[in-house]
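Enquirer: turn this into a model:
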Amino acid sequence: MTSSYHPEQFEIKYNDNYNGTKSIKLLNTTLLVNNPNPELIDINKINEEKWIEFWENLEKIGFWDLEEEYQGCTLEGGFTWSVRIQYKSKDIISYGVNIEPKIVMGDKIYSILEELYKSIEELISFE
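Expert: Numbers count the residues shown, from 1 in each chain. Okay, here's the model as predicted:
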């Protein structure tokens, strides 16, 4: 069963030299989450309300407006990240080295990646 709220593609990777790699990848109807231990999550078990909230959060943080590439100065012990999400008519590929995109909401500056990770944690938590 395919829900209209499920993404067609979903892959996120984050790597830093100190903590290793974290990733999430959609394989058919299963999310393979490595954080750092592998876990499989059936996306059909995530209720529709959580999917709606997830997509709304991505809109709120300006996720679909990310640039294709973010490059910071090269430092020892740096980090890299990449995202590829395709959902309905929206498709984004973005990556960065030693810098991440920010957004201003109200009087605060937020990391779009941190907000994305929070939204993913809320999406896949089964409380």
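
Enquirer: quick one: Tyr14 and His6, what's the gap?
Expert: Summarising the geometry, the distance separating Tyr14 from His6, computed by Cβ to Cβ, to the nearest Å, is 22 Å. From N, CA and C alone the C-beta is placed, and that goes for glycine too.

Enquirer: so these two - more neighbours on which side?
Expert: Tyr14 (20 against 16; other Cβ atoms under 10 Å).

Enquirer: so what's the more buried one up against?
Expert: The contact partners of Tyr14, by Cβ atoms under 8 Å, 6 or more residues apart in numbering, come to 21-23, 79-81, 113.

Enquirer: narrow these to those in strands?
Expert: With strands defined by DSSP state E, the entries of these inside them are 21-23, 79-81.

Enquirer: out of those, give me the one that has the most neighbours.
Expert: Neighbour max across those (other Cβ under 10 Å) = Trp81, 21 neighbours.

Enquirer: skipping its backbone neighbours, what lies nearest it in space?
Expert: Using Cβ to Cβ, 6 or more residues apart in numbering and skipping residues adjacent in sequence, the residue nearest Trp81 is Tyr14, 4.7 Å away.
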